[in-house]
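Asks: Here is a sequence with its predicted model. Questions after.
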Amino acid sequence: MHSLRLLGLAFLLSSFSLTIYADADDATNCSASAQALSSYNLSWHVGSIFIMMGVSFLGIVIPVATKFVSWFAVSPRLITCGKSFGVGVILATAFIHMLPPAFEKLTSPCLGHPWHEGYDAFPALFAMLAVLVMHLIEYFATTYLESHHGHAPALHSHHHPDLPVHHHHHLDNGSDTTVNEPALNETLYVHGHEAAKEGYQPADDVSINDTRRWLSTVLLELGILAHSVIIGITLGVSAQGEFTGLLIALCFHQFFEGFALGARIAEVNLINLRSAIGMSAFFMLTTPLGTAIGVGISSTYNPQSSAALLAQGIFDSLSAGILIYVSLVNLLASEMIYDERFKKMRKSTKITSFVCMYAGAAVMAIIGLWA
């Protein structure tokens, strides 16, 4: 777990450094010039740093508070709806807000060969590589957990072997009789752990599932943070003509994305209060920090330089791949198809969950008109 945190921090820092490097890149790479100061309102851009911080905080703190603040009671149905809404938000963020800008950047004529003329599928290639690496990470993590805990049912029955369905009992009159044992068809409690013939889930299985959810949540935040750097810098260097519309769109974007991440953080048992505060703080500060960097380099930043195009395009592609994997594998499939808790929900709750998921995707798709 510690190594994953270090990997995530390194990935995030590299996204900052590469994008800042774009500021110093030779502006003659393409005809676009740096931001004209005459069309740049410094006070509004500085104010946007705090606006983005407040909106990000509000988005992520609402679902997180439902877990750790006792007096902040929210209906479980509302939480379920929020989680489903978040799945749609994350999925649409990858397909609408990350992949198209990545294609735009990495196929720019300013990059030349091989990016523009030789091979125009680099964004999809980077996204696919991110998906494959995500799968590899999760495979090795799961394999390690299973081998470390050894979760075969026989190892966790505490010396109670699997009971056969039929037992023969010798009676006093010398005759034998067969007694049906329905025990394994019912829910059993073995030393406080729920077990069943179908869907047996001993303590270590619960631990593995919790760790999987923790891993997918960390990787989800990693993808969101890398993308947040890019959109923050984009806002910080934007000209006044496009600034207002972009700020409004990004406020909605950050709020819903924060709500989606917060809902995921709130449901993971391995994330305690300290970890939740840290993860929330990272999300709350990353976009404002990117905006501050954008404000700082706005006078010399050339958005059409090769370094700027490559940094934004590559990191948007990688982030898209991460979010696509997490949303499809860990959220859509695991949580809304195979999860036993979801299967046991009432039909009306399931319908509400699907409607909320589609609504989340629709909202983020509409926001894509402006950001």
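Replies: Noted; the coordinates are in hand. The model shown is predicted, which means the values in this text are computed figures rather than measured ones.

Asks: Tell me which residues of stretch 86-103 come out buried.
Replies: Using 16 or more other CB atoms under 10 Å as the burial criterion, the residues of stretch 86-103 that qualify are 86-99, 101-103. Any C-beta I mention is one placed from the backbone N, CA and C, and that applies to glycine too.

Asks: Can you list the neighbours in contact with stretch 93-110?
Replies: By CB atoms under 8 Å, 6 or more residues apart in numbering, the residues outside stretch 93-110 that reach it are 29-30, 32, 115-116, 120, 122-124, 126-127, 223-224, 227, 230-231, 253, 257, 304-306, 309-310, 312-314, 316-317, 319-321, 323-324, 327, 364-365, 367-368, 371.

Asks: Start and end of that stretch, how far apart?
Replies: 26 Å (CA to CA, to the nearest Å).

Asks: still on that earlier bit, so which of the contacts of stretch 93-110 sit within helices?
Replies: Using DSSP state H, the subset of the contacts of stretch 93-110 located in helices is 122-124, 126-127, 223-224, 227, 230-231, 253, 257, 306, 309-310, 312-314, 316-317, 319-321, 323-324, 364-365, 367.

Asks: what about residue 371, distance to residue 251?
Replies: Distance of residue 371 to residue 251, computed by CB to CB, to the nearest Å: 9 Å.

Asks: Can you give the contact residues for stretch 233-252?
Replies: Contacts made with stretch 233-252 from outside it, assessed by CB under 8 Å, 6+ apart, are listed as 19, 35-36, 39-41, 44-45, 48, 51-52, 55, 231, 287, 290-298, 301, 303, 312, 363, 367, 369-371.

Asks: And the buried ones among the residues you listed, selectable in PyMOL?
Replies: To isolate the buried ones among these in PyMOL, judged by 16+ other CB under 10 Å, type:
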select buried, resi 19+35+40+45+48+51+52+55+231+287+290+291+292+293+294+295+297+298+301+303+312+363+367+371
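
Asks: where's the closest residue to residue 353 other than its chain neighbours, which helix or strand?
Replies: Spatial nearest neighbour of residue 353, excluding adjacent residues (CB to CB, 6 or more residues apart in numbering): residue 84 at 4.1 Å. In this assignment (DSSP states H and E), residue 84 forms part of helix 76-92.

Asks: average model confidence for that helix?
Replies: Regarding helix 76-92, the rounded mean pLDDT is 86.

Asks: same question, stretch 49-59
Replies: Across stretch 49-59, the average pLDDT comes to 95.

Asks: Kindly report the same for stretch 298-309.
Replies: Stretch 298-309 comes out at a mean pLDDT of 83.

Asks: Now do the buried residues in that stretch.
Replies: 298, 301-309.

Asks: farthest pair in those?
Replies: Across the buried residues of stretch 298-309, the longest distance by CB to CB is 19.1 Å; it joins 298 and 306.

Asks: neighbouring contacts of stretch 361-371?
Replies: Against stretch 361-371 from outside (CB under 8 Å, 6+ apart): 88-89, 91-93, 96-97, 100, 231, 245-246, 248-250, 252-253, 256.

Asks: And the average pLDDT for it is what?
Replies: Computed over stretch 361-371, the mean pLDDT rounds to 88.

Asks: Could you measure from the residue nearest the centre of the chain over to residue 88?
Replies: In the chain, the centroid-proximal residue (CA atoms, centre = their mean) is residue 220; its distance is 2.4 Å. From residue 220 across to residue 88, the span is 14 Å (CB to CB).

Asks: Please apply the same query to residue 289.
Replies: As judged by CB to CB, residue 289 and residue 88 stand 27 Å apart.

Asks: any idea where the helices of this structure begin and end?
Replies: Taking DSSP H as the criterion, the chain contains helices spanning 2-21, 42-68, 76-92, 99-106, 122-149, 203-237, 240-267, 273-297, 306-325, 340-343, 347-367.

Asks: The ones you listed: which one's closest to residue 332?
Replies: Nearest of these to residue 332, taken as CB to CB: helix 76-92 at 6.1 Å.

Asks: ok, residues contacting that closest one?
Replies: Residues from elsewhere that reach helix 76-92 (CB under 8 Å, 6+ apart): 63, 66, 220, 224, 256-257, 259-261, 263-264, 266-267, 323-324, 326-328, 331-332, 335-336, 345, 349, 352-354, 356-365, 368.

Asks: Now, of these, which are buried?
Replies: Those of these that meet the buried threshold are 63, 66, 220, 224, 256-257, 259-261, 263-264, 266-267, 323-324, 326-328, 331-332, 335-336, 349, 352-353, 356-357, 360-361, 363-365, 368, by 16+ other CB under 10 Å.

Asks: Next up, the contacts around residue 210.
Replies: 268-270.

Asks: Look at the closest residue to residue 129 other than its chain neighbours and report its pLDDT.
Replies: Residue nearest to residue 129 in three dimensions, not counting chain neighbours: residue 321, with 6.8 Å by CB to CB, 6+ apart. Note on residue 321: pLDDT of 93.

Asks: Test my guess that residue 321 contacts residue 134.
Replies: Yes - judged on CB atoms under 8 Å, residue 321 makes contact with residue 134 at a distance of 7.1 Å.

Asks: Please identify which of those two sits among more neighbours.
Replies: Counted by other CB atoms under 10 Å, residue 321 and residue 134 do not tie: residue 321 has more neighbours, with 27 against 23.
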